[in-house]
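# All I have is the shape, not the residue letters:
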DNA sequence: GTCTTTCATGGGAATGTTCCCAAAAATGGG
DNA sequence: CCCATTTTTGGGAACATTCCCATGAAAGAC
């Protein structure tokens, strides 16, 4: 027996519906809709008009199925509430949109587990390419290598994987850190501490190198105690600051791995009535929006944030268009710029 | 002539590949993969093992095509770089993920045009439901009514459309504004100004009502000049503050539609050496992360941000599961809480 | 008028999966 | 050992679209 209630189920408008109403074949409707040249002008207009009237929308699922492409690119970011990654996403979206691609955004919450789950989501949704900035926990890259095996291009940005040979977009972290420390030294600071991020992240290693280079260049003695790695959990910043303050030979400046960290450092210092920058100067990295609002204004190394997103998206789109054999693994390094404010 | 190079084209692993390798039918493979009960335990294990080995991933496009569902929900936000919407998204993603749905995020950039384009994207990708907070420009809702016609549920949050009868999630804006103004008056302020957002947004209307109610309750005279609407472009805040300061009878407190606005108000006041809160107190709305970092700390009305996202996603998931006839258009109103800091 | 060329259209396979129906195999009761 | 029942499997339609091949019509050349 037939289930008559089935008919109540909402029915999607398809090209077949349009074809039937006009008494033509679905092939012709398809051609009219996709702008194929060999369809009579009059027919095309009739199709377009009726499609409009019927609220017809092309079904990307079936198109994607045929073309083996979803016209979608995925982006996975470890963090979301500060301004850095949203701005990167906006830049990437701009480029993607211009090329007819849409963005699926996922948020790994700095968790390796979630990142792996996110990559599954991306595969399930047949993304044509993936933009990713890894979590602080990610040291195994098997979940990302799957993409390469499947021929889906990947581009890393900001937090990159060293062992994978794919395009990457970063800023000149070494140079940026160098200029920040150089600036502090020029201001007369002799003992510059560096509160760095997780040691496994490439970006942190590079900034560490820039820090050391600046000290060396200025013939300042390099003190191991003044370089600390922390896990980016802002709640633990206070401990590290306290460590610095407990040293026999206290630092007179603290360079922080990013702006939120620097701001937290400042909060701790202010609580202890330590003057900024007279007693201890503070410098951050990335010029978040907050940094100009607080007091004193935070000196920081500006990154071209939206540009990172734009370049990464462009590299990915280039890869998508190319054959696998022609993939290139260039690394684009963008310039940073020191923004001087009152914290130094 | 056959194009032999065609064979080089990457081939997606399908259930047919698995079936052939095991010498069974694709139906059985499908059943094994989806966890259908009527498949031999041994067969299931063989399938699962081989699928794992071959890096097989289910093709959601074809599944979506059959099920007429993409297991994806869309979310459109007008703004992205401040902490409010990202936090809402995180809340929504949490709920969606738990129900097996993924999120496609789009960013309308406060532009009606872009919002319309975004809704097209959502339709193209066959989202099963839509979460949206409209732009400041949106006054025509035809692009959203299409979803209703197609049977795709919508839930509004924060910035809602009054004329559409669908579920909405907001905070008690009237009460929130009331408590903010009440607080200022209790602190001895007699002339409280309100720098409101665009008059067409429901959320702004409601906060305006709360403001007026608080004045009335305290038998303060209601001065039209003290209530100004602005377009949320932070660059124009200075003009409005200057207007207030130019009045014969200046305000002694400014209540702002949101935290970024309040912070900008404070910046302008500080530039003019006006003391906060002694000369003019400032109160914001929504307790963004920045608000506790600046000086003086901003008094503000806290909203349960992530909860807005969670509730909205839950309402949407409920709708998705229900038949169209059973759709309910409840409006959930969440509570706000006044956070007192030093700006008042 | 016939033949060739161009233009416009139709038919049907293919994309990867699910799901229904039927068939085969295994199990059990007498 | 046979029939009934249950378990497991296979075949094929369906989803909405694209794209190739074929067909019909119109147009132009001789």
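Sure, I can see it. What you see is a predicted model; the values in this text were computed from it and never measured.
# Give me the pLDDT value at the residue in the stretch 201-344 of chain A positioned nearest to DNA strand D.
Taking C-beta to the nearest atom of the strand, DNA strand D has its nearest neighbour within the stretch 201-344 of chain A at residue A:321, 15.2 Å off. For every residue, glycine as well, the C-beta is placed using N, CA and C. Listed pLDDT for residue A:321 reads 85.
# likewise the one 10 residues further on?
Per-residue confidence at residue A:331 stands at 97 (pLDDT).
# For the closest residue in space to residue A:319 that isn't next to it in sequence, which residues are in contact?
Closest residue to residue A:319 apart from its sequence neighbours, by C-beta to C-beta, 6 or more residues apart in numbering or on different chains: residue A:153 at 3.5 Å. Listed by C-beta atoms under 8 Å, 6 or more residues apart in numbering or on different chains, the contact set of residue A:153 reads A:129-130, A:147, A:166-167, A:316, A:319-320, A:327.
# now, among these, which is nearest to chain B?
Nearest to chain B among the contacts of residue A:153, counting by C-beta to the nearest C-beta, is residue A:147 at 10.0 Å.
# which SS state does the closest one fall under?
helix (DSSP: H, G, I helix; E, B strand; the rest coil).
# That one and residue A:306: what is the separation?
Going from residue A:147 to residue A:306 by C-beta to C-beta, to the nearest Å gives 25 Å.
# Which one's more surrounded, those two?
residue A:147 (21 against 17; other C-beta atoms under 10 Å in any protein chain shown).
# what's across from the closest residue to that one other than its chain neighbours in the sheet?
Nearest residue to residue A:147, sequence neighbours excluded (C-beta to C-beta, 6+ apart): residue A:154, at 5.2 Å. With DSSP bridges as the criterion, residue A:154 is bridged to residue A:130.
# just to revisit the earlier point, distance of the residue nearest to residue A:319 relative to residue B:279?
58 Å.
# what's the answer for residue A:48, then?
Distance from residue A:48 to residue B:279, by C-beta to C-beta: 63 Å.
# the more surrounded of these two?
Higher neighbour count among residue A:48 and residue B:279: residue A:48, with 16 against 13, using other C-beta under 10 Å.
# which residues touch the spatially closest residue to the more buried one that is not a sequence neighbour?
Take residue A:48 and drop its neighbours on the chain: the residue closest to it by C-beta to C-beta, 6+ apart is residue A:32, 6.6 Å away. Residues in contact with residue A:32 (C-beta under 8 Å, 6+ apart) are A:39, A:43-44, A:47-48.
# Can you turn the buried part of these into a ChimeraX selection?
Buried residues within the contacts of residue A:32, by 16 or more other C-beta atoms under 10 Å in any protein chain shown, are selected in ChimeraX with:
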select /A:39,44,47,48
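# and DNA strand C, which of the contacts of residue A:32 reach it?
Contacts with DNA strand C within those, counted by C-beta under 7 Å from any atom of the strand: A:39, A:43.
# In helices only, show me the contacts of residue A:32.
A:43-44, A:47-48 (DSSP state H).
# Would you reformat those residues as CSV and include pLDDT?
Listed next are those as CSV, based on pLDDT from 0 to 100:
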residue, pLDDT
A:43, 92
A:44, 93
A:47, 94
A:48, 94
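# and of those residues, the nearest to chain B?
Of the ones in helices among the contacts of residue A:32, the one sitting nearest to chain B (C-beta to the nearest C-beta) turns out to be residue A:48, at 15.5 Å.
# so what's the nearest residue to residue A:107 once chain neighbours are set aside up against?
Spatial nearest neighbour of residue A:107, excluding adjacent residues (C-beta to C-beta, 6+ apart): residue A:80 at 5.0 Å. For residue A:80, the contact set (C-beta under 8 Å, 6+ apart) comprises A:86, A:107, B:86, B:89-90.
# follow-up on the earlier one: right, and the residue nearest to residue A:147 touches residue A:166 too?
Yes. Taking C-beta atoms under 8 Å as the definition, residue A:154 is a contact partner of residue A:166 at 5.0 Å.
# where do the contact lists of these two overlap?
Counting by C-beta under 8 Å, 6+ apart, the residues touching both residue A:154 and residue A:166 are residue A:148.
# how close does residue A:165 get to residue A:49?
The value you get for residue A:165 to residue A:49, if C-beta to C-beta is used, is 52 Å.
# do the same with residue A:122
38 Å.
# More neighbours: which of these two?
Taking neighbours as other C-beta under 10 Å, residue A:122 and residue A:49 compare with residue A:122 leading, 25 against 11.
# Can you spell out the domain ranges of chain A, please?
Recorded structural domains for chain A (assignment: automatic domain parsing) are A:4-58, A:70-170+A:305-334, A:173-302.
# What is the end-to-end distance of the last one?
The reference is to domain A:173-302. 11 Å (C-alpha to C-alpha, to the nearest Å).
# Next: stretch A:131-146.
14 Å.
# Determine how far it lies from the middle of the whole chain.
Centroid separation for stretch A:131-146 versus its chain: 13 Å, with C-alpha atoms, centre = their mean, to the nearest Å.
# Also stretch A:132-152?
That offset, for stretch A:132-152, works out to 14 Å (C-alpha atoms, centre = their mean).
# swap in stretch A:182-191?
Using C-alpha atoms, centre = their mean, the offset of stretch A:182-191 from its chain centre is 32 Å.
# For residue A:341, give its distance to residue A:275.
Per C-beta to C-beta, residue A:341 is found 15 Å from residue A:275.
# These two: which has the busier surroundings?
residue A:341 (19 against 11).
# Now do the same contact list for the more buried one.
So residue A:341 contacts A:291-292, A:296-300 (C-beta under 8 Å, 6+ apart).
# Same check on residue A:304?
Residue A:304 neighbours (C-beta under 8 Å, 6+ apart): A:171, A:334-336.
# From these, which land in helices?
Going by DSSP H, the helices hold none of the contacts of residue A:304.
# Could you write me a ChimeraX select line covering just the buried ones among those residues?
Remark: buried members of the contacts of residue A:304, expressed as a ChimeraX selection using 16+ other C-beta under 10 Å:
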select /A:171,334,336
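# which among the contacts of residue A:304 gets closest to residue A:210?
Nearest to residue A:210 among these: residue A:336, at 10.0 Å, using C-beta to C-beta.
# And the domains of chain A, which one averages the lowest pLDDT?
Across these, domain A:4-58 gives the lowest mean pLDDT, at a mean of 85.
# quick one: that domain to chain centroid distance?
Counting by C-alpha atoms, centre = their mean, domain A:4-58 comes out at 40 Å from the chain centroid.
# is it anywhere near DNA strand D?
Yes. Domain A:4-58 is in contact with DNA strand D by C-beta under 7 Å from any atom of the strand, via A:11-12, A:14-16, A:26-27, A:30, A:33-34, A:56, A:58.
# Give me the buried subset of those.
A:14-15, A:30, A:33, A:56, A:58.
# Now flag whichever of those is closest to residue A:233.
Nearest member of those to residue A:233, counting by C-beta to C-beta, is residue A:58, at 45.9 Å.
# which one is that closest one nearest to, not counting chain neighbours?
residue B:124 (6.4 Å).
# contacting residues around that neighbour?
So residue B:124 contacts A:57-58, A:60, A:102 (C-beta under 8 Å, 6+ apart).
# Turn those residues into TSV, including distance to residue A:115.
Output for the contacts of residue B:124, formatted as TSV (distance: C-beta to C-beta, whole Å):
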residue	distance to residue A:115
A:57	33
A:58	32
A:60	26
A:102	21
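# Looking at those, which is nearest DNA strand D?
residue A:58 (4.7 Å).
# Isn't that closest one up against residue A:33?
Yes. If you go by C-beta under 8 Å, residue A:58 and residue A:33 touch, sitting 6.9 Å apart.
# Kindly provide the distance from the residue of the stretch 201-344 of chain A closest to DNA strand D to residue A:153.
Residue A:321 is 10 Å from residue A:153, by C-beta to C-beta.
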